[in-house]
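> I would like to see how this sequence folds:
(one chain, ligands or ions: 1)
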Amino acid sequence: MIRSVLALLDIRPVHTRLIAERHDLHRYDLIEDKQKFLDDMGDQIRAIVTSARFGVPADLMAQLPNLEVITSFGVGHDLIDLEACRARGIRVSTTPDILTDDVADTAIMLMHATLRQLLAGDDWVRSGKWAAKGPMALARTVRGRKLGIVGLGRIGQAIASRAIPSGVEVGYFGRSKKAVDYKFFDDLVALAEWSDILVLACPGGAATKGIVNQAVLDALGRAGIVINIARGSVIDEPALIRALQDGTIAGAGLDVFDNEPNIDPAFAQLDNVVLYPHLASGTVETRDAMAQLVVDNLDAWDERGALITPIV
Ligand code: 8YV
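Take a look at the predicted model:
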């Protein structure tokens, strides 16, 4: 038994119960006096259960001197200081692969919903405009468009393989050229200039903060759309909002934002965006599989001191 596990959230009720049955579990999110808990119990905590959304705040990590392992529910690790973990010998696991399909599906869903004006169409039907005014204005086809993917990792590649049958040409920007047939760009502005649809599928964190800036949006142009299933931080969000307001780009489909869930209210005023509440991996099946992998990582650490899907 790992003495003791600190969970920052309920990953899934069944799986949280499994952890509680197997380990001495403390639910940090339910503890009222967190500082007292840390003062009393901080040195007992050997493992953290967190998520891509919560990460591990530096001041919390600093108060857990005997922390050995962090198991995160999600694939992004931009809110966990991996260097600090390495320095302290803390091992870290995430839940890769099992969420790739659902996240890629979400990118494709947002792409079609944005281009084909799904929300305007829904409103056209519901509000009675269809009966009152006749057919809605036509949308634009996806076929023949150029799809630029920022970050051709597992999720980026899954997006590409789903987009190709829709008749798009794929290009990508990333740290390195990959062994794929898609067009490689070593410059993000050049990718945006080439693209009709720019899909962000790169990790968040300092290395990608604000890389989709005004120059990139200008290069994407008036008919261009942005799809973001990566992190809000990848886009200079004020620049994105301005570009959507003044027609610098045509639209956006967004699963992620700065300051979630208290996002900039300007988004709700825009009729050229499709907004989704950071739910790309949010299916019962995928979230259950992710939660099971968190449980399995904890057990593997407990039983043999090894993680199944380590990143550190
Ligand atoms: C997580 C995510 O599911 O995996 C990631 O990086 O952003 C999401 O898929 C989410 O953070 C879980 O809370």
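
> which ones are touching the residue in the stretch 101-250 of the chain positioned nearest to the ligand?
Proximity of the stretch 101-250 of the chain to the ligand (C-beta to the nearest ligand atom) peaks at Val103, 6.5 Å away. No exception for glycine: its C-beta is placed from N, CA and C like everyone else's. By C-beta atoms under 8 Å, 6 or more residues apart in numbering, Val103 lies in contact with 155, 158, 229, 280-281.

> which non-adjacent residue is nearest it?
Distance criterion C-beta to C-beta, 6 or more residues apart in numbering; nearest residue to Val103, sequence neighbours excluded, is Ala280 at 4.2 Å.

> what does Ala230 give?
Leu200 is the one closest to Ala230 (C-beta to C-beta, 6+ apart), at 4.2 Å.

> Could you report the pLDDT at the one you found?
Looking at Leu200, its pLDDT is 98.

> same thing with Arg140?
89.

> and the residue most central in space within the chain, backbone torsions?
Taking C-alpha atoms, centre = their mean as the criterion, Ala230 is the residue nearest the geometric centre of the chain, at 4.2 Å. Ala230 adopts backbone torsions of phi -90, psi -90, taken as degrees, to the nearest 10.

> Give me the distance between it and Leu198.
11 Å (C-beta to C-beta, to the nearest Å).

> ditto for Ile211
Between Ile211 and Leu198 the computed distance is 11 Å (C-beta to C-beta).

> got it, and Val295?
From Val295 to Leu198 the distance is 37 Å (C-beta to C-beta).

> more crowded one of those two?
Between Val295 and Leu198, Leu198 has the larger neighbour count (other C-beta atoms under 10 Å), namely 29 against 21.

> So the more buried one belongs to a helix, correct?
No. With DSSP: H, G, I helix; E, B strand; the rest coil as the criterion, Leu198 is strand rather than part of a helix.

> tell me the contacts of it?
Counted by C-beta under 8 Å, 6+ apart, Leu198 has contacts 148, 150, 191-192, 212, 216, 220, 224-227.

> could you redo the last one with a cut-off of 6 Å?
Residues in contact with Leu198 (C-beta atoms under 6 Å, 6 or more residues apart in numbering) are 148, 192, 220, 226.

> quick one, helices of the stretch 101-250 of the chain?
118-126, 129-133, 154-163, 188-194, 214-220, 237-246 (DSSP state H, counting those that start in this stretch).

> Could you export the ones you listed as TSV, including mean neighbour count, distance to Gly174 and mean pLDDT?
Output for the helices of the stretch 101-250 of the chain, formatted as TSV (neighbours: other C-beta atoms under 10 Å; distance: least, C-beta to C-beta, whole Å; pLDDT from 0 to 100):
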stretch	mean neighbour count	distance to Gly174	mean pLDDT
helix 118-126	14	29	97
helix 129-133	11	43	98
helix 154-163	22	8	98
helix 188-194	19	10	98
helix 214-220	20	15	98
helix 237-246	18	21	98
